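[1] got a predicted structure here, sequence first:
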Amino acid sequence: MNNSDKHVKMILESYDKYDLTNRIGEENIVSRDVLISVVKELRRLLFPGYFDNEKVRKDYVEYLVGSRLEYIEYNLTKQIKRALSNCKEGDALCEKAIENKTEEIVNEFIERIPKIREYLYTDIQAAYSGDPAAYSTEEIIYCYPGVFAITVYRIAHELWQLEVPMIPRIMSEYAHNLTGIDIHPGATIGKYFFIDHGTGIVIGETTIIGERVKIYQGVTLGGLSTRKGQLLKGVKRHPTIGDNVTIYSGTSILGGETVIGNDVIVGGNAFIVSSVADGMKVNVRNPQLEYSVDKKEYKDGFWDWII
């Protein structure tokens, strides 16, 4: 046996030994690449004229919307059907039931697109009114990673609510990969949501966020502990954030029983595991800074710092 045959055999043996990490002989569940293309088409549908290669003219916008919907419906139907499929081979009744359920889900999702646009409209307004560095709403739509992450979240959240498995997570992780902003599609987020800068933000599955909330980079809305693993599935593990709340960078707010009241301002680098009443301001006391003048000494052609 040459080295090539030996290596093939070793890898095949690993497939048998670690069978959890392969799907040999089974249909592919979903295509990540196709789902990303669906997200891109949905983004063009949600922001017409922004991400098109050519000018979108009013006299053919109806045709354009129809064409995009056809693409989205076809590919989303195919992927959702794969995600839902748990039928045994040849079970025609099961396959028909999956087909009907998929059609209902896709139809309901398409009907929710105007609602998604309504929420995104308020998110853009919040970003513009809340950021003095923004010079136009066009700049926000084109450039802000927070808006991109929120857009994908709003799409994925509707599919999550329609109980579509896996696909919402693939979509949200696509945005996470590009922006560093991790929003679980199961989180509930109200209107006028603004993420400023955004990198390193984590928003957990059972988080509830009210309206007119602004958060900065490095904020975690997470769980206190995941040591119980799957036993925590379905349990409220993440905090509830009220209306008109601002959370500054580096803050962690943890726990399913933690409620941040309305009109609260949380300063940077706070660590919060208990509830905060309405109207409070939470700040971390500044650490004491020490200043000293270091001496330096010239040795062997270099300046060495003496501390």
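    Great, that's in hand. Numbers count the residues shown, from 1 in each chain.

[2] alpha carbons only for contacts and neighbour counts from here, please
    Will do.

[3] buried set for stretch 23-36?
    29-30, 35 (16 or more other C-alpha atoms under 10 Å).

[4] let me have the residues you listed in a markdown table, adding distance to Y15 as columns.
    Shown next, in a markdown table, are the buried residues of stretch 23-36 (distance: C-alpha to C-alpha, whole Å):
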| residue | distance to Y15 |
| --- | --- |
| I29 | 18 |
| V30 | 21 |
| L35 | 27 |
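
[5] skipping its backbone neighbours, what lies nearest A126 in space?
    Leaving aside its chain neighbours, A126 sits nearest to Y192 (5.0 Å; criterion: C-alpha to C-alpha, 6 or more residues apart in numbering).

[6] min pLDDT across the buried residues of stretch 23-36, which one?
    In terms of pLDDT, I29 ranks lowest among the buried residues of stretch 23-36, with 82.

[7] ranges for the helices of this structure?
    Using DSSP state H, the helices of the chain run over 3-17, 32-46, 61-84, 92-111, 113-130, 137-143, 145-161, 167-179.

[8] residue closest to the middle of the protein?
    I183 (3.2 Å; C-alpha atoms, centre = their mean).

[9] what's around V8, how many residues?
    11 (other C-alpha atoms under 10 Å).

[10] mind checking pLDDT for it?
    pLDDT at V8 comes out at 92.

[11] what do you get for T226?
    Reported pLDDT for T226: 68.

[12] the residue nearest to the centre of the chain is in contact with G204, isn't it?
    Yes: I183 lies in contact with G204 (C-alpha atoms under 8 Å); the separation is 6.6 Å.

[13] show me the shaky parts of the stretch 51-200 of the chain.
    Applying pLDDT under 70 to the stretch 51-200 of the chain picks out no residues at all.

[14] E73 touches V106, doesn't it?
    Yes: the pair E73 / V106 is scored as a contact, 6.7 Å apart, by C-alpha under 8 Å.

[15] the more surrounded of the two?
    V106 (20 against 17).

[16] so the more buried one sits against N75, correct?
    No: assessed by C-alpha under 8 Å, V106 is found out of contact with N75, at 10.1 Å.

[17] and G190, what does it touch?
    119, 209-212 (C-alpha atoms under 8 Å, 6 or more residues apart in numbering).

[18] now the strands for the stretch 201-307 of the chain?
    202-203, 208-209, 214-216, 220-222, 240-241, 246-247, 252-254, 259-260, 265-266, 271-272, 281-282, 295-299, 302-306 (DSSP state E, counting those that start in this stretch).

[19] now those in a markdown table, with mean neighbour count?
    Shown next, in a markdown table, are the strands of the stretch 201-307 of the chain (neighbours: other C-alpha atoms under 10 Å):
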| stretch | mean neighbour count |
| --- | --- |
| strand 202-203 | 22 |
| strand 208-209 | 22 |
| strand 214-216 | 22 |
| strand 220-222 | 24 |
| strand 240-241 | 25 |
| strand 246-247 | 23 |
| strand 252-254 | 24 |
| strand 259-260 | 24 |
| strand 265-266 | 22 |
| strand 271-272 | 18 |
| strand 281-282 | 14 |
| strand 295-299 | 10 |
| strand 302-306 | 10 |
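
[20] can you put the ones you listed in JSON lines and add mean pLDDT and distance to Q125?
    Converted to JSON lines, the strands of the stretch 201-307 of the chain look like this (pLDDT from 0 to 100; distance: least, C-alpha to C-alpha, whole Å):
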{"stretch": "strand 202-203", "mean pLDDT": "98", "distance to Q125": "21"}
{"stretch": "strand 208-209", "mean pLDDT": "98", "distance to Q125": "17"}
{"stretch": "strand 214-216", "mean pLDDT": "98", "distance to Q125": "12"}
{"stretch": "strand 220-222", "mean pLDDT": "97", "distance to Q125": "23"}
{"stretch": "strand 240-241", "mean pLDDT": "98", "distance to Q125": "20"}
{"stretch": "strand 246-247", "mean pLDDT": "98", "distance to Q125": "16"}
{"stretch": "strand 252-254", "mean pLDDT": "97", "distance to Q125": "26"}
{"stretch": "strand 259-260", "mean pLDDT": "98", "distance to Q125": "23"}
{"stretch": "strand 265-266", "mean pLDDT": "98", "distance to Q125": "20"}
{"stretch": "strand 271-272", "mean pLDDT": "96", "distance to Q125": "29"}
{"stretch": "strand 281-282", "mean pLDDT": "97", "distance to Q125": "25"}
{"stretch": "strand 295-299", "mean pLDDT": "57", "distance to Q125": "53"}
{"stretch": "strand 302-306", "mean pLDDT": "54", "distance to Q125": "52"}
